[in-house]
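Trainee: what would the 3D arrangement of this be:
(2 chains)
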Amino acid sequence: MKFIVRNSKNRAPRLGLLKNIEGKTDVEIETPVVLLHTQGGHIPHVTHEVFKLVSKEPQILQIPLVSMHNFQETMQYYNGTISEFIGSKDSLTCLTLQDPSNLTKQGHHVKEKIPIWTKKGKVLYDSEMYMNIVESFKPDMYYLLSDGDTNKSSAPKRISKRKSDVLKKTFVMAPIAGGYCLKSRERCIEAVLANESDVGGFLIDGLHNNGPEVEFLPFVEVKDVVEHVIKKLPPEKLCSVQGCWNPVSVLKLVQLGVDMFDTSYCRILTERSAAMTFPIDSIEETDNFEINLRQPKYVDDFTPIMYSCQCLACSKYSRGYIHHLLTVQELLAPVLIMIHNIHHYLRFFKKIRECIRNNSLSDFENKISEQYKNHQEKVLSAKNQDEPRRFF
Amino acid sequence: MSTTNKPLIFTVLAECKVCKARVSKMILPHKEVDTPVFMPVGTQGTLKGMLPEQLEKLGLQIMLANTYHLGTKPGPDILKKAGGLHKFMNWNGALLTDSGGFQMVSLLKLAEITEEGVKFQSLNQHKSEVMLTPEHSIEIQNAIGADIIMQTTRWLDRCLGAHSKPETQSIFPIVQGTLYEELRIISVNDHTSRDVHGFAIVVEKAKMISGKWYTYVLTFFQKNKPRYLMGVGFAVDLVVCCALGVDMFDCVFPTRTARFGCALTMTGQLNLKKDFNPIDANCTCSTCQNYTRAYLHGIVTVYPVACHLLTEHNLAFQLRLMKNIRDSIHENRFPEFVADFMLNLHPDRNYPTWIKDSLAAVNINLL
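Mentor: All right, here's what the predicted structure looks like:
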């Protein structure tokens, strides 16, 4: 797999292309791109068969190792790739360590080992164990091992890559750690560039500890670090971040030159029964940034989540029906909300690429920022009266 | 697909020459249903995480919904405003609703029974009391708009009186009498005199079918009306009861067991961890086409998607079993099918007595 930058005049925002994909030569993926966040090999609540009803375009699945650790032994006996094993052979996969939708517990480091918290408790990974997993999973892309912990510089020895034949064609990305200390970040970049000249891209790691809090992380707090790191990175390489960034932060990160995100934000919303309704096309008129379908006012609302949306949930099911499913705690409620949220978020990224092409990304960002600000104010004023219910 | 003015037309297409099994077509306002049929249970207006789009693809023709649950939430007013349950849940197939009577038993601790009706303490957080009378039950069932609705004897006449949509919804009475043959026959006679389109029987467990009373009771039903055995869904029970002449079944078993991580096969339990075969190599469902036992083993009971994948398979399993039964009756080889099925399940020929007795009563001998 190869990454090329398309509009190389500007460092940012920029359009790029992932191409020459091993075994899938007809597939090309445009950046800025959003990876489909998975747990246990699936988008939460959405089977691969149902996802085909949402989109038939080629996708990259983000595979957090923490949710796949229990297959470690099984995969050593399995001949195929991880995308075949999880039942989505047409998708590309990108292996990462932590799950961006769950808060990562801090600390518990042992020398040269990194803890992950599986459902069976803490498991310590060293680079040997990690690379064994990478070899047996055979993903299309993976990150080198890093703890991503804040205020720590990543030791170069930890990121030593194995030159095995199996992984020769795999797209490798190096995490840049160092927390909020610009000096540590620089040291990390230097070490990575000296040791790993053939990485295809980078991950700006250690900006947060994953989980729902990232949605509310003020962008000003990460702006300087991201800007500084991107300036020091080779411009021809892919630059990625992970986590549940809200749409405004996504736009600002794209403006700085970030090429790759994930859909963990969709899960965060779905788990709190919220559907995205922010307008994407200029003709779309919506009152709300997102709506919470658990609210009693939707009980006899037989309109779709969004009239202008073409997704399966909006074309066949009403807000009232989803409200009913939520109140009786039926499995189909998060299925329908997730179908809409993923569809909406994919549309959002398509729009971002279109805006970069037309030089209109700043206008779009202003519009979304305004809507988001109004929404936040509404939420804050309502919060004192009614604490929103979460179910995870 | 609406029929002229009869909400149910039942035609027997083929009968087994040996036992009482038969294949029929049941034309309902929303769908033509091939019987013998298994009907999965969509209690609250949804079938356990499955999209109606997936169910249609599986070839599902009819499912159940529960009157008590839907009457509580979202309630008859919302269902009426939504234009009935079919529209509300986006299901174009047929629907059958129970009377709410079963919840009188399953939620007994919360129910107080009088001649007027059943007073339930509701399960919602307000703990408000809900009075379910026959008139109320039929009002909810009319609001739901199911193709077939159920009623027990005591309530039947009050329900037939309150029924507002006789041209689009058929009432089936439920035969009672537990294990007492005489009581069952009184109950059957009670019903055959009334103008109803089919009959239902409740037994606690299919095993209780053993003994000849059961086949005997079935013969009392008019032959030209469908016979529905409520709450039965294990594969072996379906095979035996088809031989006895039952046309319709329902059970939460295949969907509930899927959520507990259990996949149905014709032969029994599986050792999954390093098993890269599908659940069932002969199954054409999307789960068996795309996923290995090893993968499913690792995600069951952890992620909701695993429920969806196993529910898909278990429904496909149940539908395939019923199709095999219908095909073998059509092709006049049903007794051989039953014998092969039982041998496959009990290769040591150590058949349970109730199976042997029940099948012997309808002239089927095991291998």
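Trainee: quick one, what contacts the residue in the stretch 1-150 of chain B positioned nearest to chain A?
Mentor: For the stretch 1-150 of chain B, the residue positioned closest to chain A under Cβ to the nearest Cβ is residue B:49, at a distance of 3.3 Å. For the C-beta atoms, the positions are set from N, CA and C on the backbone; glycine is no exception. Neighbour list for residue B:49: A:330, A:331, A:332, A:335, B:304, B:307, B:308, B:311 [criterion: Cβ atoms under 8 Å, 6 or more residues apart in numbering or on different chains].
Trainee: for residue B:37, same thing?
Mentor: Neighbour list for residue B:37: B:26, B:61, B:62, B:247, B:248, B:249, B:322 [criterion: Cβ under 8 Å, 6+ apart].
Trainee: so for stretch A:344-362, mean pLDDT?
Mentor: Model confidence over stretch A:344-362, given as mean pLDDT, is 96.
Trainee: then stretch A:78-89?
Mentor: Throughout stretch A:78-89, pLDDT has a mean value of 95.
Trainee: neighbouring contacts of that stretch?
Mentor: Surrounding stretch A:78-89, the residues in contact under the criterion Cβ under 8 Å, 6+ apart are A:38, A:41-42, A:48, A:61, A:63, A:68, A:71, A:75, A:90-93, A:95, A:136-140, B:276, B:290-292, B:294-295.
Trainee: so how far is the first residue of that stretch from its last?
Mentor: In terms of Cα to Cα, to the nearest Å, the two terminal residues of stretch A:78-89 are separated by 14 Å.
Trainee: buried sites along that stretch?
Mentor: Within stretch A:78-89, the residues scored as buried using 16 or more other Cβ atoms under 10 Å in any protein chain shown are A:78, A:81, A:82, A:83, A:84, A:85, A:86, A:87, A:88.
Trainee: need the three-state assignment for the last one.
Mentor: Classification of residue A:88 into helix, strand or coil gives coil, according to DSSP: H, G, I helix; E, B strand; the rest coil.
Trainee: enumerate the residues of the stretch 151-300 of chain A near chain B.
Mentor: A:299, A:300 (Cβ under 8 Å from any Cβ of the partner chain).
Trainee: what's the neighbour count on the nearest residue to residue A:70 once chain neighbours are set aside?
Mentor: Leaving aside its chain neighbours, residue A:70 sits nearest to residue B:298 (5.2 Å; criterion: Cβ to Cβ, 6 or more residues apart in numbering or on different chains). As a burial measure, the neighbour count of residue B:298 was computed by other Cβ atoms under 10 Å in any protein chain shown and equals 24.
Trainee: show the contacting residues for residue B:298.
Mentor: Taking Cβ under 8 Å, 6+ apart, one finds A:40, A:70, A:71, A:74 in contact with residue B:298.
Trainee: pLDDT wise, what is residue 98 at?
Mentor: The chain I'm using is chain A. The per-residue pLDDT reported for residue A:98 equals 92.
Trainee: wait, chain B
Mentor: In this prediction, residue B:98 carries a pLDDT score of 84.
Trainee: and whichever residue of the stretch 201-350 of chain A sits closest to chain B, how many neighbours?
Mentor: Here the residue of the stretch 201-350 of chain A nearest chain B is residue A:331; by Cβ to the nearest Cβ that distance is 3.3 Å. Other residues near residue A:331 number 19, with proximity taken as other Cβ under 10 Å.
Trainee: check contacts around it.
Mentor: Remark: with contacts taken as Cβ under 8 Å, 6+ apart, residue A:331 is in contact with A:45, B:46, B:48, B:49, B:304, B:307, B:308.
Trainee: just the buried residues of the contacts of residue B:37.
Mentor: By the neighbour-count criterion of 16+ other Cβ under 10 Å, the contacts of residue B:37 include these buried positions: B:26, B:61, B:62, B:247, B:248, B:249, B:322.
Trainee: closest to residue B:40 among those residues?
Mentor: Ranking those by separation from residue B:40, with Cβ to Cβ as the measure, puts residue B:62 on top at 9.0 Å.
Trainee: before we move on, the earlier item: would you turn the contacts of residue B:37 into a markdown table with pLDDT, distance to residue B:350 and secondary structure?
Mentor: Converted to a markdown table, the contacts of residue B:37 look like this (pLDDT from 0 to 100; distance: Cβ to Cβ, whole Å; DSSP: H, G, I helix; E, B strand; the rest coil):
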| residue | pLDDT | distance to residue B:350 | secondary structure |
| --- | --- | --- | --- |
| B:26 | 97 | 37 | strand |
| B:61 | 97 | 36 | coil |
| B:62 | 97 | 36 | strand |
| B:247 | 95 | 30 | coil |
| B:248 | 95 | 31 | strand |
| B:249 | 94 | 26 | strand |
| B:322 | 96 | 26 | helix |
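Trainee: might one say that residue B:12 is in contact with residue B:22?
Mentor: Yes - taking contacts as Cβ atoms under 8 Å, residue B:12 lies within contact range of residue B:22: 5.3 Å.
Trainee: looking at these two, which one has more neighbours?
Mentor: Shown here are residue B:12 and residue B:22; by other Cβ under 10 Å, residue B:22 has more neighbours (21 against 14).
Trainee: show me the contacts for the closest residue to the more buried one other than its chain neighbours.
Mentor: For residue B:22, the nearest residue in space outside its immediate sequence neighbours is residue B:15; the separation is 4.6 Å by Cβ to Cβ, 6+ apart. Neighbour list for residue B:15: B:21, B:22, B:23, B:329 [criterion: Cβ under 8 Å, 6+ apart].
Trainee: what do you get if the cut-off is 10 Å, keeping everything else the same?
Mentor: B:21, B:22, B:23, B:24, B:223, B:245, B:329, B:332, B:334 (Cβ atoms under 10 Å, 6 or more residues apart in numbering or on different chains).
Trainee: so the residue nearest to the fifth one when sequence neighbours are not counted: helix, strand or coil?
Mentor: Beyond its immediate neighbours in the sequence, the residue positioned closest to residue B:223 (Cβ to Cβ, 6+ apart) is residue B:12, lying 7.4 Å away. For residue B:12, the secondary-structure state derived from three-state DSSP is strand.
Trainee: let me know the pLDDT of residue B:12.
Mentor: For residue B:12, the model assigns a pLDDT of 96.
Trainee: quick one: contacts for it?
Mentor: Taking Cβ under 10 Å, 6+ apart, we find residue B:12 in contact with B:22, B:23, B:24, B:25, B:35, B:223, B:224, B:226, B:247.
Trainee: what do you get for residue B:255?
Mentor: Contacts for residue B:255 were tallied using Cβ under 10 Å, 6+ apart; they are B:40-43, B:47-50, B:233, B:307, B:310-311, B:314-315, B:318.
Trainee: now, these that are in helices?
Mentor: With helices identified by DSSP state H, the entries of the contacts of residue B:255 that belong to them are B:307, B:310, B:311, B:314, B:315, B:318.
Trainee: show me where pLDDT drops low in the chain?
Mentor: You didn't pick a chain, so chain A it is. Counting by pLDDT under 70, chain A has low-confidence residues at A:8, A:108, A:147-166, A:196-197, A:383-392.
Trainee: let me rephrase: I mean chain B.
Mentor: Low-confidence segments of chain B, defined by pLDDT under 70: B:1-5, B:101-111, B:120-130, B:154, B:177-181, B:204-220, B:268-273.
Trainee: and what about residue 63, helix, strand or coil?
Mentor: With no chain named, the answer covers chain A. Under the three-state scheme (three-state DSSP), the conformation of residue A:63 reads as strand.
Trainee: nope, chain B
Mentor: The three-state assignment at residue B:63 reads strand, by three-state DSSP.
Trainee: and it, how many neighbours?
Mentor: Counted with other Cβ under 10 Å, residue B:63 comes out at 24.
Trainee: same deal with the one 4 residues further on?
Mentor: Here the neighbour count serves as a burial measure; for residue B:67 (other Cβ under 10 Å) it reads 27.
Trainee: quick check, it in contact with residue B:149.
Mentor: Yes - Residue B:67 is in contact with residue B:149 according to Cβ atoms under 10 Å; the separation is 7.9 Å.
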